[in-house]
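> pasting a predicted model and its sequence here:
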Amino acid sequence: MTYPDDMSVLDQLPAVGDKRMAVRVTPDARRQIVAGHPWVFNESITSISHRGAVGDLAVIFDNDRNFVAIGLWDPGSPIRIRILHHGKPVTIDGEFWRRRISDALEKREVIGEDTDGYRVLNGENDGFPGLVLDKYADTLVVKLYSPTWIPHLRSLVAAIDELLSPSALVLRMARTMAEQRLFGLTEGMALIGETPSEPVLFHENGLVFEADVVHGQKTGHFLDQRDNRALVGSMSAGMRVLDVFAATGGFGIYAAAGGATRVTSVDQSAPTLAVAERNFAHNASLPNVRHCEHDVMIGDAYEVMDRLIQRRKHYDIVVVDPPAFAQRKTNVDRALHAYGQLTQRAVQLTRPDGLLVQASCSSRVTEEQFYATLRASAQRIGFDLVELRRTGHAPDHPVTFAQGGYLKALFARVMPLGAADR
């Protein structure tokens, strides 16, 4: 393993506490744990053996002192325990992490050889609550959403290195963690190798993209939309495509590669659209991409769409993939209103019998709420959405518990209201 120049950072991290905590929970919490739910909230805990430190191993017992589960203790979070394992007792050590990572890699064997950018560990859904690991060619990015992982980083990094042999392993953290600079850990530092000084190039279904693994959104790329992008690409031959909230141009690149004649990318971030233009350039060796006209429009999505409506613009395919609108339960109604407003603009920009692709990554918005809102919003202004497909997560983003899913997308034909029944 090649460590960064300040490799002492890993050595200076706190060790896992020798004394495991003994925890008892309510009968309802126990039932949920046994059913596979990965979180134990503070109010579900009835007793603890002693006050533990962040990242200590907490062993959950039932009232008969039988083992139920083991997880990571976080005294500063409403999610007091993040479950690592339930069932029979196990030892949490380097071998445990190696088995877990190996299991996750086996699930990703369905990903084609022409894709070397994907999610290796999908947090709770792969048994790593509060942690994700993404792969971009031979560069890996681990993102921590909970400080409970800090005492376990040394053994986890060793297991990652043994099984994946990355040229670099970059650390990303949730904003609150990054601001605290816990134990010398800094956003974007390399835990293996050296921090990349330039964007990392990787392949997705044979297409080339760049990922800013140090400063980019998420871990550098929106990996979760890969299958939806491919589906759009398969439907784009001869089409004019409008990509709203285009970010780094993922949907647009696939559309161009699929034979679109023109792609218009809309986003409020000029630097992000500059990445989209570079991604088009990365794929210019493909005749379809080279011959596709690509233009960008910088600005607020709602305002840009309104201007396009006023100019009576129409597109064969309109893709609307906004960021999460509902970070909290109290935001759901506002989020649904925002999705509806986007739908009403999008259908006016889609030619009759054209394709609308609209997605949501708000986990607190249910599938039923999302799809019903889109259809009702379109109908209010005289359009019908004829559903072709509802899609969710790609195989590298498995969902293993109710709250683990967030991505949903609708592929629908846009028709004047009532036309589909004639």
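Looks like it came in fine. Just so it is clear, the structure is predicted and the values come from calculations on it, not from any experiment. Numbering: from 1, shown residues only.
> would you mind measuring from the most centrally placed residue in the chain to Gly123?
The residue lying closest to the centre of the chain (CA atoms, centre = their mean) is Asp224, at 5.2 Å. For Asp224, the distance to Gly123 equals 12 Å [CB to CB, to the nearest Å]. Every C-beta, even on glycine, is put in place using the N, C-alpha and C of the backbone.
> just Ala168 next, same as before
Counting by CB to CB - Ala168 and Gly123 are separated by 21 Å.
> in the stretch 201-350 of the chain, where is pLDDT below threshold?
Within the stretch 201-350 of the chain, the segments meeting pLDDT under 70 span 326-328.
> which stretches of it form strands?
Secondary structure of the stretch 201-350 of the chain (DSSP state E, counting those that start in this stretch): strands located at 207-211, 240-244, 262-267, 293-298, 315-320, 350-360.
> one step back: the residue nearest to the centre of the chain reaches Leu407, doesn't it?
Yes - the pair Asp224 / Leu407 is scored as a contact, 5.4 Å apart, by CB atoms under 8 Å.
> quickly list what's touching both of the two.
361, 393, 397 (CB atoms under 8 Å, 6 or more residues apart in numbering).
> pLDDT score for the second one?
When you say that, I think you mean His393. Looking at His393, its pLDDT stands at 90.
> not including adjacent chain positions, what is the nearest residue to it?
Leu407 (5.3 Å; CB to CB, 6 or more residues apart in numbering).
> do a quick rundown of the helices in the stretch 51-200 of the chain.
94-107, 153-164, 175-180 (DSSP state H, counting those that start in this stretch).
> export those to CSV and tack on mean neighbour count?
CSV is the format used below for those (neighbours: other CB atoms under 10 Å):
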stretch, mean neighbour count
helix 94-107, 16
helix 153-164, 18
helix 175-180, 12
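> turn those into TSV, including mean pLDDT.
Formatted as TSV, the helices of the stretch 51-200 of the chain follow (pLDDT from 0 to 100):
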stretch	mean pLDDT
helix 94-107	97
helix 153-164	97
helix 175-180	84
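> between those, which one is nearest to Leu84?
The closest of those to Leu84 is helix 94-107. By CB to CB, the value is 8.1 Å.
> just list what that closest one packs against, helices and strands only.
Secondary-structure packing of helix 94-107 (3 or more CB pairs under 8 Å, 6 or more residues apart in numbering; DSSP states H and E): strand 117-122, helix 153-164.
> backbone dihedrals for the closest residue to Ala276 other than its chain neighbours, please?
Distances taken as CB to CB, 6+ apart place Gly249 nearest to Ala276, at 2.9 Å, with adjacent residues excluded. In terms of degrees, to the nearest 10, the main-chain angles of Gly249 are phi 90, psi 20.
> residue contacts, Gly249?
With CB under 8 Å, 6+ apart, Gly249 has these contacts: 243, 265, 273, 275-277, 279-280.
> about what we covered before: how many other residues sit next to the residue nearest to His393?
21 (other CB atoms under 10 Å).
> go on, Arg278?
15.
> same check on the one 5 residues further on?
Residues near Asn283, counting by other CB under 10 Å, number 20.
> same question for the one 3 residues further on.
As a burial measure, Leu286 scores 16 neighbours (other CB under 10 Å).
> not counting sequence-adjacent ones, nearest residue to it?
Per CB to CB, 6+ apart, closest to Leu286 is Ala257, 5.7 Å.
> test my guess that the one you found contacts Gly233.
Yes - Ala257 is in contact with Gly233 according to CB under 8 Å; the separation is 5.7 Å.
> for Leu388, which of the helices of the stretch 51-200 of the chain is the nearest?
When the helices of the stretch 51-200 of the chain are compared (using CB to CB), the closest one is helix 94-107, at 27.8 Å.
> can I get the closest one in PDB, CA atoms only?
Provided in PDB are the C-alpha atoms of helix 94-107 (Å, rounded to 0.1, in the frame of the first residue of the first chain):
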ATOM      1  CA  GLY A  94     -10.200  -6.800   8.700                       C
ATOM      2  CA  GLU A  95     -11.500 -10.200   7.500                       C
ATOM      3  CA  PHE A  96     -15.100  -9.100   8.100                       C
ATOM      4  CA  TRP A  97     -14.500  -6.000   5.900                       C
ATOM      5  CA  ARG A  98     -12.900  -8.100   3.200                       C
ATOM      6  CA  ARG A  99     -15.800 -10.500   3.100                       C
ATOM      7  CA  ARG A 100     -18.300  -7.700   2.900                       C
ATOM      8  CA  ILE A 101     -16.400  -5.900   0.000                       C
ATOM      9  CA  SER A 102     -16.000  -9.300  -1.800                       C
ATOM     10  CA  ASP A 103     -19.800  -9.800  -1.600                       C
ATOM     11  CA  ALA A 104     -20.400  -6.400  -3.000                       C
ATOM     12  CA  LEU A 105     -18.000  -6.900  -5.800                       C
ATOM     13  CA  GLU A 106     -19.700 -10.200  -6.700                       C
ATOM     14  CA  LYS A 107     -23.000  -8.400  -7.100                       C
END
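> what's the angle from that helix to strand 117-122?
Following axes from the mean of the first three to the mean of the last three CA atoms, to 10 degrees, one obtains 130 degrees for the angle between helix 94-107 and strand 117-122.
> state whether Thr373 is indeed within a helix.
Yes - with DSSP: H, G, I helix; E, B strand; the rest coil as the criterion, Thr373 is part of a helix.
> so what's it up against?
Going by CB under 8 Å, 6+ apart, Thr373 touches 336, 339-340, 343.
> burial count for the closest residue to it other than its chain neighbours?
Spatial nearest neighbour of Thr373, excluding adjacent residues (CB to CB, 6+ apart): Leu336 at 4.8 Å. If you count neighbours by other CB under 10 Å, Leu336 ends up with 22.
> burial count for Ala15?
Neighbour tally, Ala15, other CB under 10 Å: 9.
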